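# Build the 3D model from these lines:
(chains A and B)
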Amino acid sequence: NAGVTQTPKFQVLKTGQSMTLQCAQDMNHNSMYWYRQDPGMGLRLIYYSASEGTTDKGEVPNGYNVSRLNKREFSLRLESAAPSQTSVYFCASSEGGATQHFGDGTRLSIL
Amino acid sequence: AQSVTQLGSHVSVSEGALVLLRCNYSSSVPPYLFWYVQYPNQGLQLLLKYTTGATLVKGINGFEAEFKKSETSFHLTKPSAHMSDAAEYFCAVITSGSNYQLIWGAGTKLIIKP
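Residues are numbered from 1 along each chain as shown, chains lettered A, B, ... in the order given. Just a heads-up that it's a prediction; the model follows:
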């Protein structure tokens, strides 16, 4: 039972490069989320998708875009990476108000 | 606006001692409350949650938490700490909006001394 799968697990980018973080869930959940985790700040919501075909901004959306490709997949794109986007990124999924299930994260460093 | 405050970014206890991690929330409507645990280099796992009903909630690994509405608290406890409990713990509250977004505390790192 894979749950929520994130790729890649680690990535180093140079300032200005672009990349897409992939997330897929196999639990048939309607809702999916992207968070970033920085020391001492807990988790901050970047974007979420309440259902297939919809996306909404969270607390810290600037510099990011998302695509809800289908019910299973929700990708996060950095168009022009900046050092301030160095972080650990987590994808999660849930059904309604129930528990959010998390992937293992992508550790992203931007030089 | 809803918020979550976790008292203490680091808590250190001896193996076998009581674990108490504090969480206070603010919410204008009855909240759903969660505790998650994060082990090093892993994602977050649900420890326990309160939605409605019994205010003392039991979770995995011997943890429990009590919802106290009058104190707006949801503190996490475990009677006897184990070395394997060393991790970071996050308290979260669900928003009153329709999309069930979680509001997160900053986290408390639990250190277990041998």
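# rest of the way, CA atoms for contacts and neighbours
Will do.
# who in chain B is up against chain A?
B:9, B:41-46, B:90, B:94, B:99-100, B:104-107 (CA under 8 Å from any CA of the partner chain).
# looking at those, which has the most residues close by?
residue B:107 (29 neighbours; other CA atoms under 10 Å in any protein chain shown).
# Contact partners for that residue?
Applying CA atoms under 8 Å, 6 or more residues apart in numbering or on different chains to residue B:107 gives the contacts A:40-42, B:6, B:9, B:88-91.
# What residues are bridge-paired with the closest residue to residue A:54 other than its chain neighbours?
Leaving aside its chain neighbours, residue A:54 sits nearest to residue A:68 (7.2 Å; criterion: CA to CA, 6 or more residues apart in numbering or on different chains). Here residue A:68 sits in beta bridges with residue A:74, going by DSSP bridges.
# try residue B:46
Taking DSSP bridges, one obtains residue B:36 as the residues bridged to residue B:46.
# Next, count neighbours for residue 71.
By default, I'm working from chain A. 19.
# you looked at the wrong chain, it should be chain B
By the criterion of other CA under 10 Å, residue B:71 has 9 neighbours.
# how near is it to chain A?
Relative to chain A, residue B:71 is positioned 23 Å away (CA to the nearest CA, to the nearest Å).
# who's in contact with residue B:109?
Residues near residue B:109 by CA under 8 Å, 6+ apart: B:9-11, B:86-89.
# Not counting sequence-adjacent ones, nearest residue to it?
In this structure, residue B:109 finds its nearest non-sequential neighbour in residue B:88, 4.2 Å apart by CA to CA, 6+ apart.
# okay, the closest residue to residue A:42 other than its chain neighbours: pLDDT?
Among residues not flanking residue A:42 along the chain, residue B:106 sits closest, at 3.9 Å (CA to CA, 6+ apart). What the model reports as pLDDT for residue B:106 is 92.
# wait, residue B:106 sits on residue B:5?
Yes: using CA atoms under 8 Å, residue B:106 makes contact with residue B:5 at a distance of 7.3 Å.
# and the residue nearest to residue A:54, what is it in contact with?
So residue A:68 contacts A:49, A:52-55, A:74-75 (CA under 8 Å, 6+ apart).
# Nearest the geometric middle of the chain, what residue?
In the absence of a named chain, chain A is used. Centroid-nearest residue in chain A: residue A:34, 3.1 Å away (criterion: CA atoms, centre = their mean).
# you looked at the wrong chain, it should be chain B
Nearest to the geometric centre of chain B sits residue B:35, at 3.5 Å (CA atoms, centre = their mean).
# Show me the shaky parts of chain A.
The model of chain A has pLDDT under 70 over residues A:1, A:97.
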